[in-house]
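Asks: sequence first, then the predicted structure:
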Amino acid sequence: MALDVHAIYPGTFDPITLGHEDLLRRAAQLFGRVTVAVAMAHHKKTLFSLEERMDMVRQALQDCPQVQVEPFEGLVTEFAAARGAQAMVRGLRSGTDFDYEAQLAGMNRALQPQIDTVFLTPASQYQHISSTLVREIATLGGDAAQFVSPAVWDRLVHKLRANAR
């Protein structure tokens, strides 16, 4: 049974992968409400627009009514505090991720002590997947369909074809 806790799962989701989906579905079982905070990501050059990324997340998780999707800009801790969230979900694929994420969690806790960071690891078949690698494989003409939902793969292929014109 899900706890009556509001959790934030922030990221760029460019695009959302099956690893993200796995973590979000499990977070939805743990927490009463989960907000996917899609970063505007002005510091990154994203392939998909903010609206496209939000739409893909909504489509991928339409079977999870307690999951909502919102954009955010600035400090995720301020976003989370403004929404009364008590937890932040972060995914860990490897020890390298842990080193970075532990440092980030410490900084976030210093900024907003009332928000705890919860680390989840994806199922083993998803541990190697990243949005960056999915985009790179697809850009180079490879088949990365096994790493994203069919709807996301279709959008990725369409976007790359449109950008190639």
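Replies: Received it, and whenever you're ready, just let me know what you need. Numbering: from 1, shown residues only.
Asks: hey, let's count contacts and neighbours off CA atoms from now on
Replies: Noted.
Asks: count of residues packed around the residue lying closest to residue 67 once chain neighbours are set aside?
Replies: Leaving aside its sequence neighbours, residue 67 sits nearest to residue 34 (CA to CA, 6 or more residues apart in numbering; 4.8 Å). Applying other CA atoms under 10 Å, we find 27 other residues in the vicinity of residue 34.
Asks: residue 34: which element?
Replies: Residue 34 belongs to strand 31-39 when assigned by DSSP states H and E.
Asks: in that strand, what counts as buried?
Replies: Within strand 31-39, the residues scored as buried using 16 or more other CA atoms under 10 Å are 31-39.
Asks: can you give me phi and psi for residue 84?
Replies: Backbone dihedrals for residue 84, given as degrees, to the nearest 10, come out at phi 70, psi 20.
Asks: is it true that it touches residue 6?
Replies: Yes - the pair residue 84 / residue 6 is scored as a contact, 7.3 Å apart, by CA atoms under 8 Å.
Asks: returning to what we had before: mind listing what's buried along the following helix or strand past the strand holding residue 34?
Replies: Counting by DSSP H and E, the element after strand 31-39 in chain order, helix or strand, is helix 50-60. Residues of helix 50-60 classed as buried by neighbour count (16+ other CA under 10 Å): 50, 53-54, 56-58, 60.
Asks: angle of helix 50-60 against strand 31-39?
Replies: 150 degrees (axes from the mean of the first three to the mean of the last three CA atoms, to 10 degrees).
Asks: right, and the helix or strand after helix 50-60?
Replies: Downstream of helix 50-60, the next assigned helix or strand under DSSP H and E is strand 67-72.
Asks: if we look at the following helix or strand past that next one, which residues are touching it?
Replies: Per DSSP H and E, strand 67-72 leads on to helix 76-82 as the next helix or strand towards the C-terminus. Residues outside helix 76-82 that contact it (CA atoms under 8 Å, 6 or more residues apart in numbering): 8, 10, 72-73, 86, 88, 108, 111-112, 115.
Asks: just among these, which is most surrounded?
Replies: residue 8 (34 neighbours).
Asks: contacting residues for it?
Replies: Applying CA under 8 Å, 6+ apart, the residues contacting residue 8 are 34-37, 80, 85, 87-89.
Asks: one more: residue 32?
Replies: Residue 32 neighbours (CA under 8 Å, 6+ apart): 2-6, 66.
Asks: distance of the residue lying closest to it once chain neighbours are set aside from residue 13?
Replies: Residue nearest to residue 32 in three dimensions, not counting chain neighbours: residue 4, with 4.7 Å by CA to CA, 6+ apart. From residue 4 across to residue 13, the span is 26 Å (CA to CA, to the nearest Å).
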